[in-house]
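Chemist: got a predicted structure plus its sequence, pasted below:
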Protein chains: 2
Amino acid sequence: MTRAPASRALESTPLWLKLSSYLVLSDEEKMYLADLERTIDRVPPRTDLLQQGERYRDVRVMREGWAIRHKALPDGRRQVVNFVLPGDIIGMYCTLFESADHSVTTLTPVEVASFPPEKIGELFRSFPRLAAALAWSGAREEAIVAERLLSLGRRTALERTAHLIVELLRRLSIVNMVTDGHFVLPVTQEILADALGLSIVHINRTLRRLRDSGLIELNGQRITVNDVRQLASVGQFDELYLHLIRAPRRLERAFSGAHHHNGAKMDSEIRSKA
Amino acid sequence: MTRAPASRALESTPLWLKLSSYLVLSDEEKMYLADLERTIDRVPPRTDLLQQGERYRDVRVMREGWAIRHKALPDGRRQVVNFVLPGDIIGMYCTLFESADHSVTTLTPVEVASFPPEKIGELFRSFPRLAAALAWSGAREEAIVAERLLSLGRRTALERTAHLIVELLRRLSIVNMVTDGHFVLPVTQEILADALGLSIVHINRTLRRLRDSGLIELNGQRITVNDVRQLASVGQFDELYLHLIRAPRRLERAFSGAHHHNGAKMDSEIRSKA
DNA sequence: AGGCAGCCACAACATAGGTTAATCGGCCCG
DNA sequence: CGGGCCGATTAACCTATGTTGTGGCTGCCT
């Protein structure tokens, strides 16, 4: 792991982009975010950023590259819980738990920022809007895990696989990692199997079916989606759960609209006692 | 749905108990929480508190009874994502999303409190410690879903079932809903099947196996766990993921310890500019 | 150049779990 | 008292997916 200077500290990082879809960030908020991402490391592929069972220290922010979050059973069976992409946060709350219940492992060379857990308190105290945006993006991540649970519980192998491909296509296109229909999937079939709760052989069969039907093409790590529409329909993909819509900015409203009802009264009453 | 007076407003509610395991609440915080739980409804069994696809309004706090959070595919296949127990929050962030990606349905008569979404902004602005505790408990819930994902992906039917029973035993005992080894499971086999990604017939077979081996007993809705140890071992249950340990109070530390390093300096610099 | 390791591919066979269907008991309701 | 419905239970059968094993390709090390 090599430490690198924070060259893009004040530019727009993936995290900044993500949070911007929830609210319009002020200059101070932007600066504070930049400060959080000041300490940057580069990590090679196949390296654990976090190990199940271990006590975890720093909070990390993914800036570049791919990683997986996974859990293992004592006998070695493994489940990939989610893919970690740029802008995602690693171990935000793990630092507060006594030990991590999952591992995070890099798939590609990765650039991550880290900050000490005490910053979390600071963040909640001094930057409530940022805190809310982070909490909200945590909820979005939970929604993704819940959707994968639906896949494993109720979708067939073909549906699951199609669904995952469309999900990745959507998530990657937000961070500009898709160019017309194809993207790099730095993932072995074993990892796909572990993500979809299938055996490696069966993933192979299933990919073959998808290729034979012309919905996708695979060359090495590059996957091309020829017909998103149909692939989405095979996977019963409904993008509701990704909560991508930027327009509403409801969090903004929650912050600006609440000043003077009933609730705010209660609010100030209590604070004045403090 | 009938509205009821908030008889226990200032007593300790399940939510209060839960958050207390993360930090020591001040009087103002306790009062504010009580205020959030002021508006109380009673809801009969088999009622949707929240419907997938619907625009969601109020945030709800479960005070009494059981519910399930579930997602459905267009063709009717259904997955139960989690069980909602007293102290759990419903739709905290759904109010901020454009529409809900899951449903919540009561299993028993239920008592819920509700508050308008604007309170979320207020909460983050004025009660950062409460906000952090809520975010943290959200993370704990995600951990439960991730563990269930591991079950569906990598555990056999027998293991999954055993695992779920132990999980419920643990979660229920926190809220005093277990008396020596037995508890009420207000759940049909169909719901169990939907929670475990199995067919109803196979759940039946699996429960029979568990009964035959003497690990559990079932009479109506009452389930008795005869040998938790062995049941936990069958299910490869490791309670790490429930993050139940109350001792550490790390959140407390994150709030009290951060005042004067490096980070706090940055903090005040920025704030003075505002 | 040879050999080893990791990954993909595919065939042949095995099985966990799904499906269909029938029975039974409890409960509600007229 | 007699339906009728819902949920549990079980049997018989079926299929989606897992397992085992083989071979081939590529890249890397020596």
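Modeler: Structure received.
Chemist: could you use CA atoms for every contact and neighbour count after this?
Modeler: Fine.
Chemist: which helix or strand contains the closest residue to A:I89 other than its chain neighbours?
Modeler: Nearest residue to A:I89, sequence neighbours excluded (CA to CA, 6 or more residues apart in numbering or on different chains): A:V61, at 4.6 Å. When elements are assigned from DSSP states H and E, A:V61 belongs to strand A:59-64.
Chemist: give me the helices and strands touching the helix or strand just after that strand, please.
Modeler: Remark: after strand A:59-64, the chain's next helix or strand is strand A:67-72, criterion DSSP H and E. The contact analysis (3 or more CA pairs under 8 Å, 6 or more residues apart in numbering or on different chains; DSSP states H and E) places strand A:67-72 against strand A:78-84, strand A:103-106, helix B:128-154.
Chemist: CA-only coordinates of strand A:67-72 in CSV, if you can.
Modeler: Coordinates of each C-alpha in strand A:67-72 appear next as CSV, following Å, rounded to 0.1, in the frame of the first residue of the first chain:
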residue,chain,number,x,y,z
ALA,A,67,-13.5,-4.1,-4.7
ILE,A,68,-15.9,-6.6,-3.2
ARG,A,69,-17.6,-6.8,0.2
HIS,A,70,-17.9,-10.4,1.2
LYS,A,71,-18.7,-12.7,4.1
ALA,A,72,-17.4,-16.2,4.6
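Chemist: could you list the buried residues of that strand?
Modeler: Neighbour counts using 16 or more other CA atoms under 10 Å in any protein chain shown place A:67-72 of strand A:67-72 among the buried residues.
Chemist: what's the distance between A:T206 and B:R63?
Modeler: 45 Å (CA to CA, to the nearest Å).
Chemist: more crowded one of those two?
Modeler: B:R63 (22 against 18; other CA atoms under 10 Å in any protein chain shown).
Chemist: I'd assumed B:L17 was in contact with that one.
Modeler: No. The criterion here is CA atoms under 8 Å, and B:R63 misses it with B:L17 at 11.1 Å.
Chemist: now do the shared contacts for these two.
Modeler: Listed as contacting both B:R63 and B:L17 by CA atoms under 8 Å, 6 or more residues apart in numbering or on different chains are B:G87.
Chemist: now the residue nearest to A:L158 when sequence neighbours are not counted: how far from DNA strand C?
Modeler: Nearest residue to A:L158 in three dimensions, chain neighbours excluded: A:T206, at 5.9 Å (CA to CA, 6+ apart). Separation of A:T206 from DNA strand C (CA to the nearest atom of the strand, to the nearest Å): 9 Å.
Chemist: so which elements touch the host helix or strand of A:T206?
Modeler: A:T206 is part of helix A:200-212 when elements are defined by DSSP H and E. When contacts are defined as 3+ CA pairs under 8 Å, 6+ apart, helix A:200-212 packs onto helix A:157-174, helix A:189-196, strand A:216-219.
Chemist: any chance of TSV for those, columns mean neighbour count, distance to B:S12 and mean pLDDT?
Modeler: Listed next are these as TSV, based on neighbours: other CA atoms under 10 Å in any protein chain shown; distance: least, CA to CA, whole Å; pLDDT from 0 to 100:
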stretch	mean neighbour count	distance to B:S12	mean pLDDT
helix A:157-174	20	42	97
helix A:189-196	21	41	98
strand A:216-219	16	56	96
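Chemist: doesn't A:W16 belong to a helix?
Modeler: Yes. Counting by DSSP: H, G, I helix; E, B strand; the rest coil, A:W16 is part of a helix.
Chemist: hmm, it is touching A:M31, no?
Modeler: No. The pair A:W16 / A:M31 is not scored as a contact, 10.3 Å apart, by CA under 8 Å.
Chemist: can you pull the pLDDT of A:H243?
Modeler: With respect to pLDDT, A:H243 scores 86.
Chemist: which non-adjacent residue is nearest the residue positioned nearest the centre of chain A?
Modeler: Central residue of chain A (CA atoms, centre = their mean): A:D88, 4.1 Å from the mean position. Distances taken as CA to CA, 6+ apart put A:M62 closest to A:D88, at 5.4 Å, once the chain neighbours are dropped.
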